[in-house]
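>>> below: sequence and its predicted model.
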Amino acid sequence: EESQSFFDAVGGEETFRRLVHRFYQGVVDDPLLWPMYPADDLAGAEERLSLFLMQYWGGPSTYSRRRGHPRLRMRHSPFVIGAAERDAWLRHMHEAVLSLELPEELQNRLWDYLVYAAHSMVNAPDA
Ligand code: HEM
């Protein structure tokens, strides 16, 4: 149906929670990425990324009620994100996206956005 949001089309909140949970299962085992994340607040990190993605794709705007305007590049400025960090992030996200087993068109839309967003988050030149 034309008016259905992408959020609804992929299965709503439950799908985004699964995506982000699976993503963080990769991150905790990643020697490059894991040191950047708050080890004592993994649940909080999962919550923030889930709520952001749900809001971005047309779900509830809980993220902005709790966190304000996303300003994602600014929020990532404390972290050094070069090509290696970006590619590691995308590798875990790709596994997570595939694990959802979405219809191909929806999977491609989601993946294309994540690739674009990850490239736009790079804030450090290659060594
Ligand atoms: C937060 C790393 C890309 C969305 C974070 C955090 C780290 C991080 C270390 C802090 C975890 C927390 O306490 O919430 C990275 C790296 C990336 C990347 C290495 C590689 C390119 C992205 C992309 C998006 C994104 C592409 C969006 C599609 C978020 C959000 C938060 C966050 C929403 C929570 C912001 C907040 O409300 O404080 N990221 N990130 N990140 N990231 Fe990323």
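Perfect, I can see it now.
>>> which residues touch Arg18?
Contact partners of Arg18, counting by C-beta atoms under 8 Å, 6 or more residues apart in numbering, are Ser99, Leu100. Where you see a C-beta, it was placed from the backbone N, CA and C, and this is true even at glycine.
>>> distance of it from Gly11?
Here Arg18 is placed at a distance of 9 Å from Gly11 (C-beta to C-beta, to the nearest Å).
>>> likewise for Arg65?
Applying C-beta to C-beta to Arg65 and Gly11 gives a distance of 23 Å.
>>> who has more neighbours, those two?
Neighbour count, other C-beta atoms under 10 Å: between Arg65 and Gly11, Gly11 has more, with 13 against 10.
>>> before we move on, which element is Pro70 in?
Applying DSSP states H and E as the criterion places Pro70 outside every helix and strand.
>>> show me what contacts it?
Going by C-beta under 8 Å, 6+ apart, Pro70 touches Phe52, Tyr63, Ser64.
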